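J.: Got a sequence here, can you model it:
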Amino acid sequence: MNRQTSDGAGHEVVVTGIGLVAGRLTDPESLFDHLAQGHTLIAEHPLHKEWGVPCAVSAHIDPDVRQTLADAVPEEAGPLGPAGTLAWHAAAQAWERSGLPRRLQAERGGVFLACNRMVMEPAELAGLAAHIDFEGGALDLDGYLDEGGPDPRRYEQIQPDTATVRLADYFGAAGVLETHADACAAGGMAIGSAYRYIRSGALDVALAGGAESLTTLTSVTAFYGVGALAPYDGRDAGRISRPFDKDRSGFVIGDGAAFLVLESRAHAEARGARILARVAGYAGVTEAVKMTSSSRDGADYAECIRAALAEAGLTPGDIDHVNAHGTSTEANDTCEAAALHTVFGERAARIPVTGNKSAMGHSLANSGAAEAVLSVLSLQRQAVLPTLNFTEPDEVTRGLDIVTERRSAPVSAVLSNSFGFGGQNCSLILAKAG
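T.: Numbering: from 1, shown residues only. Predicted coordinates:
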């Protein structure tokens, strides 16, 4: 097992800007209000039925919104793929809100982007398939290239680090560049890594977040194949994702992007920035129990949570709210519920738990970043968002305080969990600005 933590006191890390895009919504406050009212982003995908995808629902970006965002990307950014375009909007929004100059001068800045590698779209697959000898197991590559082959810009656009470099160049934040593909934990890992650089004094400013655009034929088929997606079966799309509920049956895939601007408190205060929250602690723990689940007793998740608490100098009694990974899969929710019982003991029944994926779907590498942004707003508004579709727990999830309606509550510290396929686990602790 490998644990990423740091020792000793360091520079305090604060949040000075947030940005987000999800569904038809293009700012964090609109999403928070949408979710607070019990609304969902999950709906039938306009192309999934046409493709014959078994799970025809998703929390996808509205096509008109996607085009509007693409048109808004400045020419100097160069061509960006679907995920890069979403990243650009969320990152630029966070940067503008932070009040930083359009381009850094003397400051030491970095960009930390979470994004999984893009996959081929249906039209591209069809063009390639026409040149495959399926019986012989051979590809006529010359024939494929003679007919035009792939878009020559395609490779550049689908590489996740393309957006990382473009953002760094545009904002003058090229001190440290990282592109994370730590499965479903990547968004939290990107924020955690940025936090570490600032805490150590190596950077003053970081743009950290995630972007994902994987509501595609290949991705949906792959996740369905490993049994991770909830079956559709003609049900109400908004009621399919059911974190911690005894009738949960899998996650609903989603798209989106979310970014935070992080700074050292000294840097933010010197320029008179408005401080939204603090990143108080972070831990990344990797384990190798099983590709699609961790130890069912929650021990690995519990270790990650405890490591984040220790780094923050907090105890379980200091946490006021848990923004759960809560994918709505049987295995993940079991592991996470068990971990919360292990770490918080009897107090687990009194800590409000929210599963945002009940309404937002699971946007994979972006999910931890989006949930961190929503956690910042919970701290700002002193309110906890609801978990949709939770009606009855099973024996493991029983005893948790699963919030089902927007709840006003004193929130000083939020634990935000992200637990990824392949045993990549992350816990962030966000706290009031103080």
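J.: only C-alpha atoms for contact and neighbour calcs from this point on.
T.: Fine.
J.: Could I get the contacting residues of residue 113?
T.: Contacts for residue 113 (CA atoms under 8 Å, 6 or more residues apart in numbering) come out as 160-161, 163-164, 178-180, 187, 190, 208-211.
J.: meant to ask about residue 53, not that
T.: If you count contacts by CA under 8 Å, 6+ apart, then residue 53 has 217, 220-221 around it.
J.: cool, residue 342 as well?
T.: So residue 342 contacts 298-299, 302 (CA under 8 Å, 6+ apart).
J.: okay, who's weakest in the residues you listed by pLDDT?
T.: Least confident of the contacts of residue 342 in the model: residue 298, at 87.
J.: Run a quick neighbour tally on that one.
T.: Residue 298 is flanked by 21 other residues according to other CA atoms under 10 Å.
J.: I'd say it and residue 338 touch.
T.: Yes - with contacts counted by CA atoms under 8 Å, residue 298 reaches residue 338, the gap being 4.9 Å.
J.: What residues of the helix or strand encompassing residue 68 count as buried?
T.: Remark: residue 68 resides in helix 63-72, with elements defined by DSSP states H and E. Buried positions in helix 63-72, judged by neighbour count with 16 or more other CA atoms under 10 Å: 65-66, 69-70.
J.: Out of those residues, flag the one nearest to residue 89.
T.: residue 69 (6.7 Å; CA to CA).
J.: Going along the chain, name the strands of the stretch 51-200 of the chain.
T.: Remark: strands assigned in the stretch 51-200 of the chain by DSSP state E, counting those that start in this stretch are 57-58, 109-114, 132-133, 138-139, 176-180.
J.: give me phi/psi at residue 25?
T.: The phi and psi torsions at residue 25 (degrees, to the nearest 10) take the values phi -100, psi 140.
J.: secondary structure element for the nearest residue to it once chain neighbours are set aside?
T.: Nearest residue to residue 25 in three dimensions, chain neighbours excluded: residue 31, at 6.2 Å (CA to CA, 6 or more residues apart in numbering). In this structure, residue 31 sits in helix 28-36 according to DSSP H and E.
J.: so how far is that helix from its chain's centroid?
T.: 16 Å (CA atoms, centre = their mean, to the nearest Å).
J.: And this structure, what are its domain boundaries?
T.: The chain breaks down by automatic domain parsing into domains covering 2-118+159-431, 122-154.
J.: For the shortest one, buried residues please.
T.: Spelled out, it's domain 122-154. Here domain 122-154 shows 128, 131-132, 144 as buried, counting by 16+ other CA under 10 Å.
J.: repeat for stretch 243-259
T.: For stretch 243-259, the neighbour count (16+ other CA under 10 Å) marks 243-259 as buried.
J.: same question, stretch 85-104
T.: By neighbour count with 16+ other CA under 10 Å, stretch 85-104 contains the buried residues 85-95, 97-98, 100, 104.
J.: So residue 278: helix, strand or coil?
T.: Assigned by DSSP: H, G, I helix; E, B strand; the rest coil, the conformation of residue 278 is strand.
J.: residues touching it, list them.
T.: Contacts of residue 278 (CA under 8 Å, 6+ apart): 12-15, 430-433.
J.: change it to 10 Å
T.: Residue 278 sits next to 12-16, 195, 262-265, 376, 379, 413, 429-434 when contact means CA atoms under 10 Å, 6 or more residues apart in numbering.
J.: List buried residues within those.
T.: Buried among these by 16+ other CA under 10 Å: 12-16, 195, 262-265, 376, 379, 413, 429-433.
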